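In: Provided below for reference: sequence and predicted model.
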Amino acid sequence: MREHPARDPFVPVVRCAADLLAVVPHTLGYWPADSLVLFAAGGGTAGACVRVDLPADPDDERFAEAFVTELAELVGHDALSDRVFAIVYAPGGPEAPVPPTAPVGPVLALVDEAARRAGRAVAARWVVAGSHWWPVEDPTDVRDVAGIQDSAVNAALVAAGSSYAAAPRLAMDHEYGALPAGTRRDVAREAVRWARSGQGGWHHLDRLAPTLAVWEDVLSGVRDAPADWLPAVLAHDDDLLGFLAAGLSDPVLADLLLAACATDDLTGVLAGAALWARLCAEELVGADVADDPTGPSCAPAPPGAAPVPPRPRAAGHGGGPGPGAVRVPAPDAGELIRLSRVLAGEWDEAPDWSRLDALYRVLQALGWLLDPARTAPEEPGVDPAAQGAVLAGVLVELAQLNRFRARGSHTAHFVRRATALVPGHPAALRVLRLADARPVPLWARDRATAWHC
């Protein structure tokens, strides 16, 4: 007799349209509006969930071709899927008219063509407008959104601790919570002070190595306390948190931090950075270096730069605070190749998501502490422009992390916030170019190595 393993009764099983529609906001982190969502499936499991803005003019031939090409590429990245479900979320949120004022037929025609090019079947299509939803094939079968919210899958996901926000910005800016009410810290002032005292020397190897070692300790403490990650962050003093935030204004330091977290190999990343610095030194002989750095520097940090703080106490570092000095290893070409592949999204191994998730949480906390809306009344002496520049660096790193997670909407959101603070922010615009060149990193194409919320 064939034995079948018992199914875990607490694992949600999609049995109807309402169940599948309930999964979408939990996957995205918010209830979408004015959006087209494609939910891939295959092999008995859910796959990628792709959200894009509804096109303003789907009948424009030039736009339609580009739109279809991008959709087909995004859907095709999920190699295990064989079909997609299409959901149109009409503009207007809960007050959206039924039926929507804009026809959905032209948009769905583009979906059909994109699915055909990607070799996927369109399994079903729905429209969600305001407090109602219906299948495209039968517009008279209008149902209440409450049926989605009351579905068995939604109940199971909520019971498992999942939730979603009513609006995208709330979901993205507070994905892991918020500061406790009444929190009063002076991180913004310290961050601005560190930005000035750093003297533009963050990308110098003799400063990069100890700075990344400090980050390593902080992230180890956060990773080892997942349920109490925010107290673990706030346990550090304002000086250290300001130091961490200020350094992210340097794109080289920010990139190396990402790579060190993704690989969980600080020594290897520094070996790649050492060769990168040597190549930059040869390239920049006689060049004007007034612009943002293009790579690490072998030269000593400026003499006026404040020293890096001691490494904090953290799990795995034994006896307590120690000096930040870390030896820079010998240059290594293989490590530089790996470093470049990680940053480009072309690495074929699994990123260390536990360390990257710890970084995400620390960055969110720094973003809350630096938020001008929160700090301005309490810290009147902080230069708003300098504070905004530091916060922009934190937001760009969050955008990069979301690029690693293959979350395009989140990536674009943090880029928009950064460029609102610093118009034309070079590092923010670079994130968009990287995302455009490879919208889905190599590791995100395989469910075994992709990020899972």
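Out: Cool, the structure landed.

In: okay, now the unreliable bits of the stretch 51-200 of the chain?
Out: Along the stretch 51-200 of the chain, segments meeting pLDDT under 70 span 92-102, 161, 163, 166-167.

In: which helix is the longest one in this protein?
Out: Secondary structure of the chain read by DSSP state H shows that its longest helix is helix 384-404.

In: which other helices and strands contact it?
Out: helix 187-197, helix 238-247, helix 251-263, helix 353-370, helix 372-375, helix 408-421, helix 426-437 (3 or more Cβ pairs under 8 Å, 6 or more residues apart in numbering; DSSP states H and E). C-betas here are computed from N, CA, C, even on glycine.

In: any idea how far residue 300 is from the closest residue to residue 252 other than its chain neighbours?
Out: Sequence neighbours aside, residue 203 is the residue nearest to residue 252 in space, at 3.9 Å (criterion: Cβ to Cβ, 6 or more residues apart in numbering). In this view, residue 203 and residue 300 are 12 Å apart by Cβ to Cβ, to the nearest Å.

In: the more surrounded of these two?
Out: Using other Cβ atoms under 10 Å as the criterion, residue 203 and residue 300 rank with residue 203 on top: 27 against 12.

In: contacting residues for that one?
Out: Residues in contact with residue 203 (Cβ atoms under 8 Å, 6 or more residues apart in numbering) are 250, 252-253, 293, 295-297.

In: now with 6 Å, please.
Out: Contact partners of residue 203, counting by Cβ atoms under 6 Å, 6 or more residues apart in numbering, are 250, 252, 293, 296-297.

In: tell me how many other residues surround the residue nearest to residue 359 when sequence neighbours are not counted.
Out: Excluding the flanking residues, the one nearest residue 359 by Cβ to Cβ, 6+ apart is residue 261, at 5.0 Å. Neighbour count for residue 261, taken as other Cβ under 10 Å: 29.

In: so residue 261 touches residue 357, yeah?
Out: No - between residue 261 and residue 357 there is no contact, the gap being 9.2 Å when judged by Cβ atoms under 6 Å.

In: who does residue 125 form a beta bridge with?
Out: Note on residue 125: beta-bridge partners by DSSP bridges are residue 86.

In: next, count neighbours for it.
Out: 18.

In: was I right to think it contacts residue 138?
Out: No - the criterion here is Cβ under 6 Å, and residue 125 misses it with residue 138 at 10.7 Å.

In: show me what contacts the residue nearest the centre of the chain?
Out: Centroid check for the chain by Cα atoms, centre = their mean gives residue 402 as the closest residue, at 1.6 Å. Residues in contact with residue 402 (Cβ under 6 Å, 6+ apart) are 410-411.

In: one more pass at 10 Å, please.
Out: Neighbouring residues of residue 402 by Cβ atoms under 10 Å, 6 or more residues apart in numbering: 172, 175, 360, 408-415, 431, 435, 451.

In: thinking again about what came up before, and the contacts of residue 203 as CSV, adding neighbour count and pLDDT?
Out: Shown next, in CSV, are those (neighbours: other Cβ atoms under 10 Å; pLDDT from 0 to 100):
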residue, neighbour count, pLDDT
250, 26, 95
252, 22, 96
293, 18, 73
296, 30, 95
297, 23, 93
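
In: any weak-confidence spans in the stretch 201-350 of the chain?
Out: Short version for the stretch 201-350 of the chain, where the test is pLDDT under 70: 283-292, 313-325.

In: try 50 this time
Out: Residue ranges of the stretch 201-350 of the chain with pLDDT under 50: 287, 290, 314-321, 323.

In: quick one, helices of it?
Out: Here the stretch 201-350 of the chain has its helices, by DSSP state H, counting those that start in this stretch, at 205-223, 229-234, 238-247, 251-263, 266-283, 333-344.

In: so which of those helices comes closest to residue 52?
Out: When those are compared by Cβ to Cβ, helix 333-344 sits nearest residue 52, at 22.8 Å.

In: mind listing what's buried in that closest one?
Out: Applying a neighbour-count criterion of 16 or more other Cβ atoms under 10 Å, one finds 335-336, 338-339, 341-343 buried in helix 333-344.

In: hmm, back to that, I figured the residue nearest to residue 359 hits residue 343, correct?
Out: No - the criterion here is Cβ atoms under 10 Å, and residue 261 misses it with residue 343 at 11.8 Å.

In: which ones are touching the closest residue to residue 374 other than its chain neighbours?
Out: With sequence-adjacent residues excluded and distances taken as Cβ to Cβ, 6+ apart, residue 374 is closest to residue 368, at 7.0 Å. By Cβ under 10 Å, 6+ apart, the contact list for residue 368 reads 173-174, 177-179, 183, 185, 187, 230, 233, 374-375, 394.

In: filter the residues you listed down to the buried ones.
Out: By neighbour count, with 16+ other Cβ under 10 Å, these hold 173, 179, 185, 187, 230, 233, 374-375, 394 as buried.

In: CSV for the contacts of residue 402, including distance to residue 197?
Out: Converted to CSV, the contacts of residue 402 look like this (distance: Cβ to Cβ, whole Å):
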residue, distance to residue 197
172, 32
175, 32
360, 27
408, 37
409, 37
410, 32
411, 31
412, 33
413, 31
414, 27
415, 28
431, 27
435, 33
451, 36
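
In: the residues you listed into TSV, with extra columns for neighbour count and distance to residue 78?
Out: Shown next, in TSV, are these (neighbours: other Cβ atoms under 10 Å; distance: Cβ to Cβ, whole Å):
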residue	neighbour count	distance to residue 78
172	23	23
175	17	23
360	23	23
408	18	14
409	19	17
410	21	18
411	24	18
412	18	20
413	20	23
414	26	24
415	26	24
431	24	23
435	21	17
451	19	14
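
In: could you report the distance from residue 251 to residue 154?
Out: Counting by Cβ to Cβ, the gap from residue 251 to residue 154 is 41 Å.

In: one more: residue 440?
Out: Distance of residue 440 to residue 154, given as Cβ to Cβ: 27 Å.

In: follow-up on the earlier one: name the nearest of the buried residues of helix 333-344 relative to residue 427.
Out: Comparing the buried residues of helix 333-344 against residue 427 with Cβ to Cβ places residue 343 closest, at 12.2 Å.

In: can you tell me, leaving aside adjacent residues, what's nearest to the closest one?
Out: Nearest in space to residue 343, with sequence neighbours left out and distances taken as Cβ to Cβ, 6+ apart, is residue 255 at 5.6 Å.

In: I figured that neighbour hits residue 400, correct?
Out: Yes - using Cβ under 10 Å, residue 255 is in contact with residue 400, at 7.9 Å.

In: can you list residues touching both of the two?
Out: Common contacts of residue 255 and residue 400 (Cβ under 10 Å, 6+ apart): 343, 427, 430.

In: list just the nearest of those to residue 88.
Out: Comparing the shared contacts of residue 255 and residue 400 against residue 88 with Cβ to Cβ places residue 430 closest, at 32.6 Å.

In: and residue 124, how many neighbours?
Out: Applying other Cβ under 10 Å, we find 15 residues neighbouring residue 124.

In: that one against residue 20, yeah?
Out: Yes - using Cβ under 10 Å, residue 124 is in contact with residue 20, at 8.1 Å.
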